[in-house]
Structure formats: structure tokens, C-alpha cells
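J.: pasting the structure only:
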């Protein structure tokens, strides 16, 4: 029996609609991804008020006109003025007694004369110590003791010596003590640090490096004091100087200035000082002088300060957002008011017939600074003839300036806003918030305006 050849028939392809839809979706997603990754995205920055400070703290050495006085008698020293108070020539600054009897009498007087005001003042002194207490600075406890003593002195208001004499007479005791009066007026201090005789010519890098090693010795004590020991210091003038070593960068900055604003890190006090630069031992120095706050820093020898030359407050913007545009400068006399706003009358000459016509051109996006109008080249360009708005005399355009600004996109399109730079570092710029037709807080600007032009729409 002959075998029959069986020829299989090919199945006819019938597309599956679900697979077609899936392929379409995949292709659409690929298209969207391609467009997303190949499209230039525009970043927007919201303008806010901020501060920038790039000033580095520097240590300075304090120079004062001061004199340390030693006692020529051994005994117990009793003081009659508070630390930092001003005393006049001829006033009793301290007494010396050999047996401590005067000291006991003075303690009784101070205790008897305590008032609610003095107790409140003591509480404030203790609260101030508690607020600034640091485990790394145990010397503050000794300072607290003398601060409380100063409160007692201040409450007596300079009458302590006369009160002592009255008490001695009343008790029938003799004045077996020696009084010492000042020969000069000044501000009294009861601590020394060994730098009192240093002059400007003695200052060098080694001296400045001792800023964290300087120690202050309190000379107030209830123990007997030997003859020849220091008992008080008198600052003879309100004028004091701060000698600060400078880097080359700071030196170059300050030599262009006559006055600098100085901030003391210790308590944030600021003052203006004239600048006096000098070189010593191969180092640049600046001498800052003032007659303010001498009593405040009477027990300091080194202060950490900042010069307010690398700082500013205003509107903070990224450096990348800044661009420059050329503008033609027009006087106010050529500005004409039209139905659609301010503009200029431009004189046009027909090249073939030689006839002249007038054309009103709106100013568009312009700026006014110091009475001058800054317009783009679409309004006027070099050698254009503009007509004076009053007598129609000719004005030939020529002056051009470059302005710095950013693209503001509050309305959804690029609008150039001029800026006045106050300070700039490597990343950000501080600009004024008082620039006419400039930026304001919460404006939205383009981070990178590369490739953009005026009136370009920004897609969200």
C-alpha cells in the first residue's frame, strides 16, 4: 500500500491585540524617557534674605596706658573701690593694717549696710556666673568671689573709708593703719598678667601666639601681703589699642580702607576703628584704636576679633544665576509718553527717497538708574537718531553699558532683573534688596540662564 505524503499547512498569523497594546505602551514609555533625558531641565531658585560672612577670627593684643603699684608696707590690704571704677587723684585707694583689725571692721560695715538692692545685685552676679559656667574654666569661681566683693563696693558708693573712720571713733579704737592715696586719676583694677609694660615695638609673632597661655593673677587677698608686692593697677586713659597680625589677603583689603568695623567674639560688641598698618619682624600688623569699652575689657589681654569686610546682608542668589547684558543709555529728555507707555521717537530715513519719518518705539523691559534710562538694542542701537520729547532736536545714540542681572520667572517667562552686588564668595552672591526694578524676597530666578533669552517661556 503506497504511503501518502502529508504536507503540514502553515498556520496563518493572527495578531493578538493585547500584545500590540503592550508594545505600543512600551514604545511610548521609551519615547518619553528619551525626551526626558535629552531635554534641558531648568532649575528655579527662590530668593530669600540671608547673610554671608567669610571673615576669619584673628587674635589681637591689647595695649593700654596702665601702671602697677606695689605696697611699701607689709600687712593686710583693704580696698575702698570696686574693680573697674574710676577714682580721682588724692582719693584713698587702699589701707594697710598690721593685725587685720581694720579688715574685720570693714566686713562688719559691709554686712550692716546690705540692702535689697545689693542682694539683688549679688543674685545677678551669681546668675551671670551660672549662665557662663564651664567645667574647663575653674578660675571663674575666683572671679565670682571678687565680683560679689565689687557689688559691695558699689553699694557703698565710695563712702566706705569715711564710714570706717566713724566706726573706729565710735568704738574708741585708734587709727592704727596706713592709708594710701592715688597720685593720678584713672580706672582701678586688682589683677595683673605680666604684660603691663609691653609696648608696640615689643609685639611679635611669639607674643601673639601666647593668646591661649596668658594668665591673670588676682591680687586681692585676705592674707597678709609682703612689702613690694603689687596691690592695684591704674589704667590712666580711656584710649586703648588692639594690635592684630594680618595675612596677606587681609592686609591688601585693609590698606584700601581708612576705617574698619570690628566685632569682638567674646560678647559680640562691635565698633568702628581707624586703621593704622605697620610691619614688624616680617609680619603685617594693624593697630585698632578706640576710647570705648575700656572698662569692659580691663581684665583681658588678648581678644579674638573679626573684621566685617567679607560679609554682607541682603538677598542671596547662586553665582551661576548671574548673567550680563548690554544696554544703551538714554537721557530722560528723549523719553516720550505714548498710549501704551513710555517709549522713544526714532527718526527713520528712506534709503531710496531720502525722506524721513518718525516711529514710536515702546521701551519694553528697561531700567532707570540715576535719571538715566537703560534700554535693549531692540529699542535703540548705536547711531540711531532719537528726537527730543520737548523740542524734537536730534539725539544720536552712542553710550552703552553692561549690567549684571538674573532672569526672573515669576510670570512664567524670562524677565531680566538688574542686581547690585554687595558681596560674593565662591558659591553665592549677596545683592541689594533696594535696587529699583530689581529683585525682592520670594522672587523665582533661573539657576543657570545659559541658552535662554528675554521672554523665553519656562515650562514647569
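T.: Perfect, thanks for sending it. From a predicted model like this one, the values you see are computed outputs, not experimental measurements.

J.: Does residue 340 touch residue 362 like I think?
T.: Yes: Residue 340 lies in contact with residue 362 (Cβ atoms under 8 Å); the separation is 5.6 Å. All C-beta atoms are positioned from the backbone trio N, CA, C, and that covers glycine.

J.: which one of those two has more residues nearby?
T.: Counted by other Cβ atoms under 10 Å, residue 340 and residue 362 do not tie: residue 362 has more neighbours, with 15 against 9.

J.: Now residue 258. Nearest residue, chain neighbours left out?
T.: residue 275 (6.0 Å; Cβ to Cβ, 6 or more residues apart in numbering).

J.: my read: the one you found touches residue 261, true?
T.: No: Residue 275 lies out of contact with residue 261 (Cβ under 8 Å); the separation is 10.9 Å.

J.: Residue 240: how many residues sit nearby?
T.: 20.

J.: in the stretch 51-200 of the chain, which spans are strands?
T.: 58-70, 76-79, 86-87, 92-97, 177-181, 186-189, 191-192 (DSSP state E, counting those that start in this stretch).

J.: go on, the stretch 351-460 of the chain?
T.: Under DSSP E, counting those that start in this stretch, the stretch 351-460 of the chain gives strands at 356-362, 367-369, 372-375, 385-387, 394-396, 400-408, 415-418, 421-424, 428-431, 444-446.

J.: ok, residue 399 - contacts?
T.: Contacts for residue 399 (Cβ atoms under 8 Å, 6 or more residues apart in numbering) come out as 328, 329.

J.: and the gap between it and residue 382?
T.: 9 Å (Cβ to Cβ, to the nearest Å).

J.: overlap in contacts of those two?
T.: Joint contacts of residue 399 and residue 382 (Cβ under 8 Å, 6+ apart) are residue 328.

J.: In which helix or strand does residue 25 reside?
T.: helix 17-37 (DSSP states H and E).

J.: elements contacting that helix?
T.: If contacts are counted by 3 or more Cβ pairs under 8 Å, 6 or more residues apart in numbering; DSSP states H and E, helix 17-37 sits against no helix or strand.

J.: what's the burial count for residue 64?
T.: 22.

J.: Going along the chain, name the helices of this structure.
T.: 17-37, 101-112, 116-131, 139-156, 160-171, 205-208, 248-254 (DSSP state H).

J.: need the contact list for residue 295.
T.: 84, 187.

J.: and what of residue 275?
T.: 254, 257, 258, 259, 260, 286, 288.

J.: I'd like the residues you listed as TSV, with neighbour count, distance to residue 64 and pLDDT appended.
T.: Listed next are the contacts of residue 275 as TSV, based on neighbours: other Cβ atoms under 10 Å; distance: Cβ to Cβ, whole Å; pLDDT from 0 to 100:
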residue	neighbour count	distance to residue 64	pLDDT
254	19	23	94
257	13	25	93
258	9	24	94
259	9	22	94
260	19	20	94
286	23	17	96
288	20	13	96
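
J.: Just give me the closest of the residues you listed to residue 328.
T.: Within the contacts of residue 275, proximity to residue 328 (Cβ to Cβ) peaks at residue 257, which comes in at 35.2 Å.

J.: Quick check: which ranges of the stretch 51-200 of the chain have low pLDDT?
T.: Scanning the stretch 51-200 of the chain with the threshold set as pLDDT under 70 gives 102-176.

J.: switch the cut-off to 50
T.: Residue ranges of the stretch 51-200 of the chain with pLDDT under 50: 115-116, 118-119, 121-122, 125, 129-130, 133, 135-141, 144, 155, 157.

J.: Would you pull up how far the lengthiest strand in the chain lies from the middle of the chain?
T.: Counting by DSSP state E, the longest strand found in the chain is strand 230-246. Computed by Cα atoms, centre = their mean, to the nearest Å, the chain-centroid distance of strand 230-246 equals 26 Å.

J.: Would you mark the buried spots in that strand?
T.: Residues of strand 230-246 classed as buried by neighbour count (16 or more other Cβ atoms under 10 Å): 230-235, 238, 240-246.

J.: cool, and stretch 263-272?
T.: 263, 264.

J.: Run through who's touching it.
T.: 57, 259-262, 290, 292-293, 296-297, 300, 303-306, 308.

J.: mind redoing it with 6 Å?
T.: The contact list for stretch 263-272 (Cβ atoms under 6 Å, 6 or more residues apart in numbering) reads 57, 259, 261, 262, 290, 292, 303, 304, 305, 306.

J.: same check, this time on stretch 306-314
T.: So stretch 306-314 is contacted by 51-55, 57, 253, 260-261, 263, 422-423, 430-433 (Cβ under 6 Å, 6+ apart).

J.: Same check on stretch 228-248?
T.: In contact with stretch 228-248 (Cβ under 6 Å, 6+ apart) are residues 58, 60-71, 77, 93, 186-190, 192, 203, 208, 219, 283-289, 291, 294.

J.: before we move on, what about stretch 182-190?
T.: In contact with stretch 182-190 (Cβ under 6 Å, 6+ apart) are residues 81, 83, 86-89, 91, 93, 219-220, 232-236, 295, 298.

J.: if I pick the nearest residue to residue 96 once chain neighbours are set aside, what's in contact with it?
T.: Leaving aside its sequence neighbours, residue 96 sits nearest to residue 75 (Cβ to Cβ, 6+ apart; 4.1 Å). Counting by Cβ under 6 Å, 6+ apart, residue 75 touches 96, 97, 98.

J.: which of those residues lies closest to residue 454?
T.: For the contacts of residue 75, the nearest to residue 454 is residue 96 (85.6 Å; Cβ to Cβ).

J.: Distance-wise, check that closest one relative to residue 219.
T.: Distance from residue 96 to residue 219, by Cβ to Cβ: 14 Å.

J.: Please apply the same query to residue 237.
T.: Residue 237 is 21 Å from residue 219, by Cβ to Cβ.

J.: And residue 86, by the same measure?
T.: Taken as Cβ to Cβ, the span from residue 86 to residue 219 is 19 Å.

J.: between these two, who's got more neighbours?
T.: Neighbours per residue, other Cβ under 10 Å: of residue 86 and residue 219, the larger number sits with residue 219, 20 against 13.

J.: for the more buried one, what are its contacts?
T.: With Cβ under 6 Å, 6+ apart, residue 219 has these contacts: 190, 230.

J.: Could you check the pLDDT of it?
T.: Predicted confidence (pLDDT) for residue 219: 91.

J.: Low-confidence stretches in the stretch 351-460 of the chain?
T.: Using pLDDT under 50, the stretch 351-460 of the chain has no residue that qualifies.

J.: related to what we said a few turns ago, so which of the strands of the stretch 51-200 of the chain gets nearest residue 224?
T.: Going by Cβ to Cβ, the one of those nearest residue 224 is strand 76-79, 5.9 Å.
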